[in-house]
Structures are given as C-alpha cells and as structure tokens.
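> Okay, predicted coordinates and the sequence, questions at the end:
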Protein chains: 2
Amino acid sequence: MLPDLKLAPLRYLLSIIDTGGFHAAAKQLHRSQPAISMAVRDLEERLGQRLFEKGNGKAVLTPFGRWCEPRFRELVAHHDRVCRDALAIASQQRGRVDIAAVPSVASRLMPTLLAGFLEAYPGIDISLQDGHSERVNEMVLKGEVEIGITSLWLPDDALTFEVLLHDDIGVVCRDDHPLAQKDALHWHALKPYTLIRNGTSRLLEGSPAEELLKNSTLYISNMISLTAMLEAGIGVTTLPRLAFQEEHDRLRFIPLSTPHLQRNMGLLRRAGQTLSPSGEAMQTYLLNQLRDAS
Amino acid sequence: MLPDLKLAPLRYLLSIIDTGGFHAAAKQLHRSQPAISMAVRDLEERLGQRLFEKGNGKAVLTPFGRWCEPRFRELVAHHDRVCRDALAIASQQRGRVDIAAVPSVASRLMPTLLAGFLEAYPGIDISLQDGHSERVNEMVLKGEVEIGITSLWLPDDALTFEVLLHDDIGVVCRDDHPLAQKDALHWHALKPYTLIRNGTSRLLEGSPAEELLKNSTLYISNMISLTAMLEAGIGVTTLPRLAFQEEHDRLRFIPLSTPHLQRNMGLLRRAGQTLSPSGEAMQTYLLNQLRDAS
DNA sequence: TCCAGTGGTAAGTTTTGCTGATCATATTAT
DNA sequence: ATAATATGATCAGCAAAACTTACCACTGGA
C-alpha cells in the first residue's frame, strides 16, 4: 500500500531546493545530474504527483512540492538525529552504565577509577550504588545493574565472574595492642585474644584459621560499630585490606601470613547477557586499570 | 559521515522483534529468511554494534538493540505518516483550495457547486471569498487564491483564463415599467428611459448600445442601492443575468436581443503556476459541472 | 547566431538486494 | 541415545535498482 520513500531521493529533492538546481545539487551530492533527475522522477511516480515543473528552463517546486518540502526536511532530520545518536552510543561516546559494588570497593576503589573513566569517556553517564555481596548479586541477576563488583559469592550459571584483584585478609587491632607492631601474623597468634566476627569472617571458613571463629562470641555486621569496638580495645577482627579504613590512626592492619588468605574481587555480569556499548567500555576500562595494577 | 539507514532493514528489525524470530519475520514480510539475516547484519555493520545475539538458538536483542528499537519504531512511523499524508493529498483525498469569485458568482453559482464538490471530495477544505473583478484578479496574481472566477478583465500574460459560461446581458426594470412585459428588447427601446449605470455597464462598451451610456447621468456601484433605485422607479439599468437577484418580485429582467451581449465568466489562474492536487480537483469539477450545463 | 545555462533521455555498468540450496547448532520428541 | 524439527548463518547466482557517460532539446543572454 504505502510506497517506501527512500532517504536518498528525499535528500536529492532538498538539495535541489537548497541549491536551486539539478546540476548544483548533483555537484553537492557527488552524483551525476541524471541520477538526480531520475530519482526525482521516481519519487514523483511513487507519490503520483509532480514535484517540480519547468519554469523558464529552471525547475520550480509545484504547490504539492512546496507542501512536501518541510515534511521531507523533518523526516530526514529525524533520521539523521536517530542515526547520530545510535552511532554515538555504539562508539561509546554517549550512554549510561549502572554499576553495583560492595561497600569497600565502592568507597576505596571506585572513586579514583571512576574519575579516570569519566575523563576517558566524558559522554557516558554512570550510576554507582553499593550493597553487600548478596544484594550486588541480586542487582546483577535482576538486571538492575549491568556490572557488579564484589567477591565471588556462590558460583551461579546465571552469572559470570572475572577476577580483578586479590584482596589480602589481615588482622585489625588498636595500635596499643600486643600484635600491633608485627609485620605479619600466624593465625595461632590470635588465639589468646577476643575475635570480633564481621560480615567478611566467612572468608576464614575452610582454612586452618576457621577454628578461631568457633571461639568468637561477638558478631558485628556494621562497619562503623565494628570500628568503634576496635577503637575501644574490645578485641581484634579480621578484614580484607580494602575493607580496612586506613584513616583511623588508632587502628592497625597486620597481614595474615599463615594461612595466606585472599578474597577474589571481580567483575560480575549476567551470563549470556552482552553488555551495552558503554558497559563494554566500563568493563574493559576496569580490567585494564586493575589488571595493570596487580 | 552518517550512514543512511534504509527503511526496509528497519522494518525487518521491528518485524523480527514483533514476531520473535527471523523466520517468522521473513514470512510476515514476504521475504526469504536469508534476506532478513543479511539486512540485519548490514545494519549492524553500519552502526558498528550488534543488534541481536543468539541466546539458546533464538535471536535476542542486545542492550544496544533495545535502545534502538523504540527510536526505529518512531522513525518508521514518522515515515509512514508523511507518506500517507502525501499520498492523500496527491490523490485528492485531502487538501485545501482557496477560491475567489465575483459576488454574483459567489452568491448565485457557488453554493450549489461547492455543495456538490464537498460531497465528491469530503476531505478537501475550501475557502471562498468574493470581491469585485479587479480584486479577484489581484488575489489570483498575488497567489492569495489558486483559482478565481470572474469575467475576463484585461488579458494578462501572467494569467490564464478559461471560459466556463456565458452570462446574457439584459435590462432590469420595475414590474410596472412599460418595458416590463416584453420578452426581449432592442437597445433602441431603452432610449426614452433613464438609464442607471453600474459596475457592469462597461460591458456595453464597443457595442451599438454604447450610445446609451453617453446619455446616462446616474452611476450606482453598490448593488443594494441600485436595487433600491430600481424599486423606486427612478429608471432602468442593464445587468448580466447572474447579477440580477430574482428574489425581488417587483423587478423584472428582460434579455437584450439586439445587440446580444454576454459577459464570459471563467476560471482565472496564474499562468505557469500548476495547481495543487486539490485545486486540480476543483478546476476539473467546475469545468465538468459548468460545461455540461451550457 | 552562437554560447552557456537549464533539465531530459538512452545505453551500459556497477551495486544492491533477493532467492534457493545448504550448513551448523540447539531444542524437542521418540 | 537418536531422529526430527526448530533456530539463524553462509554462499553462489541472479535480477532489479541506481548510477555514470554521452548526447539531446530547450532557454536566455551576448
């Protein structure tokens, strides 16, 4: 029913109007003049009405042509707009990435990383939200975010995980604690002291140091509370290095040498779900930055 | 710089989304399946990003594809809208004609003509304005209206004139006037009576009856006033039949048989200016209606 | 009358887009 | 398991579309 008006002939038409002639339009469009003539004639046949008439040798728009002109202009402009936007997104010049990260990463790692990314990709909008491991998993799984940054939780075939960095586990205690001056610790050294468990303590599970957990009677999930406990000298805890906030000048972080425990921080994505162009940009940027660093 | 997104591939893409598969889309579009595949691949190459990915054998939109879908939908819809409107106008199903007519035509002829036109072309808007001969000429010349209906004024190469009907000149007098009972008149019969000239009196110029004008001392341009004068029995006048309002039961119209004078009413257009499709419709309608009648 | 414009026309070539057959792969049924 | 039936991808061949070159017809101004 509806004939397809191809864009090229519409452009020809507009160019003829703008330049005032078939020859001039042909030059402007890098086409031969007959190509223009034929395209216009074809367009006229599709519409069933003449668009140009010859007034004293020159081509002049018919009333119908004058009616068409602004609509064709709009249509071509619309096309160009869509096309330009699509290319901008495809070429990672514009877009949006939604990221979820575990609090330690969000606060310790992301600020500088995102600053660099923002500079490299000024057109891409970023949304970063933090949440504990399970919440990050969930957000990635539900498609609320494209990329999650977390330690590997449960292997799940609906998710893919790519390691970014290894985060050493260590002991945190107050600076006047007997352990505070050591450079490295064997887990045995912790036995005499009160161990405060926290959300990351499960990282000890499956290692020799797991025994320590059995003797711990205190569990604090909130980081602020945990810090306060440690500052009060109530006991010691274990934390990944990234989760330890170095700004606290009364607290010390001592790496655990035996066993040498790490949590694998990495990039979590939905399996089988390709990234948006901007997500792709973010992923490669993060991989480059963090792979280089380790 | 900007690649041209042709409409057909966009339609293919949308059809794939709607039908949920390449094969189904191919059937819907009456194309072979490879045609769809190739068009999509070409589109992907132009944009520099994949639009579909294979998830479990089926094709699923990528995030980029999901971004594109609504814009492509809009663009295609825009095209179809413009296309449909243009075709409607070209096929004279919609549009607008501006007409100017001399008062006699506007009030005596146009009402029934336009009623018929409105029925035949329900989608076309009409604007009719009346004015004296010179004003009609001017409106056509300036492009304020496409079509004028008037008696031929001065031949002008910027205007084309096509005769529609011949309007007989006659004498108008009160029903108790000595001439009132005649069926036809020789101009000599008018000599004894007071002749009131009016705007149409120039039609007598160049004919034997021109002599009558020289003896007339009264000129009334306004039709209402003229009618009042005649009703008062002040004298007689000459008028084209169309300009004589038959509703006045005290006035009579007697055709002038010698000389047999007519004014040629016709269709006035700008020379070298083709009509809009709706103007074309109006012109042919008027020609058919009035040519048949005469 | 010629000359420099205009746009239109015709033959030939390149490009594009399509079909039909075939392939690789995954899901479903037997 | 294995066959049957989906999915989409690939390739060769062909036909239609679009373009180019060369030429024609017409107009308006030197």
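Right, received. Where do you want to start? Residues are numbered from 1 along each chain as shown, chains lettered A, B, ... in the order given.
> got the residues of chain A near DNA strand D?
Where chain A comes near DNA strand D, counting by Cβ under 7 Å from any atom of the strand, the residues are A:6, A:8, A:30-35, A:38-39, A:42, A:56-57. Using the backbone N, CA and C atoms, a C-beta is placed for each residue, glycine as well.
> Whichever of the residues you listed end up buried, select them in ChimeraX.
What follows is the ChimeraX syntax selecting those of the residues of chain A next to DNA strand D that are buried according to 16 or more other Cβ atoms under 10 Å in any protein chain shown:
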select /A:6,8,35,39
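> quick one: low-confidence parts of chain A?
Along chain A, the parts satisfying pLDDT under 70 run over A:153, A:292-294.
> can you pull out the helices in the stretch 51-200 of chain A?
Defined through DSSP state H, counting those that start in this stretch, the helices belonging to the stretch 51-200 of chain A, from first to last, are A:63-90, A:103-108, A:110-120, A:133-142.
> quick one, which of these is nearest to B:Leu268?
Within those, the stretch nearest B:Leu268 is helix A:63-90; the backing value is 16.4 Å (Cβ to Cβ).
> Could you list the buried residues of that closest one?
Buried-residue list, helix A:63-90, by 16+ other Cβ under 10 Å: A:63-65, A:67-69, A:71-72, A:75-76, A:78-80, A:82-83, A:86-87, A:89-90.
> Can you tell me the closest non-neighbouring residue to A:Ser127?
Closest residue to A:Ser127 apart from its sequence neighbours, by Cβ to Cβ, 6 or more residues apart in numbering or on different chains: A:Asp98 at 4.6 Å.
> Isn't the one you found up against A:Glu144?
Yes: taking contacts as Cβ atoms under 8 Å, A:Asp98 lies within contact range of A:Glu144: 6.9 Å.
> ok, which of the buried residues of helix A:63-90 also contact chain B?
Contacts with chain B within the buried residues of helix A:63-90, as defined by Cβ under 8 Å from any Cβ of the partner chain: A:63-64, A:67-68, A:71-72, A:75, A:78-80, A:82-83, A:86-87, A:89-90.
> ok, so of the residues you listed, who is nearest B:Leu251?
Lowest distance from B:Leu251 to those (Cβ to Cβ) belongs to A:Pro63, with 42.9 Å.
> so who does the closest residue in space to the closest one that isn't next to it in sequence touch?
The shortest distance from A:Pro63 to any residue that is not its chain neighbour, by Cβ to Cβ, 6+ apart, is 3.7 Å, and that residue is B:Ser276. If you count contacts by Cβ atoms under 8 Å, 6 or more residues apart in numbering or on different chains, B:Ser276 has them with A:Thr62, A:Pro63, A:Phe64, A:Trp67, B:Ile89, B:Gly95, B:Arg96, B:Val97, B:Glu146.
> Next: A:Tyr12.
Applying Cβ under 8 Å, 6+ apart, one finds that A:Tyr12 lies in contact with A:Ala25, A:Leu29, A:Arg31, A:Ala35, A:Ile36, A:Ala39, A:Val40.
> does chain B sit close to the lengthiest strand in chain A?
Among all segments of chain A classified by DSSP state E, the strand with the greatest residue count is strand A:159-174. No: contact of strand A:159-174 with chain B (Cβ under 8 Å from any Cβ) is absent, the minimum separation being 14.0 Å.
> can you list the domains in chain A?
Structurally, chain A divides into domains by automatic domain parsing as follows: A:7-90, A:96-164+A:265-293, A:165-263.
> how long is the shortest one from one end to the other?
So the one you mean is domain A:7-90. Between the opening and closing residues of domain A:7-90 there is a gap of 22 Å (Cα to Cα, to the nearest Å).
> From the chain's centroid, how far away is that domain?
On the basis of Cα atoms, centre = their mean, to the nearest Å, domain A:7-90 is displaced by 42 Å from the centre of the chain it belongs to.
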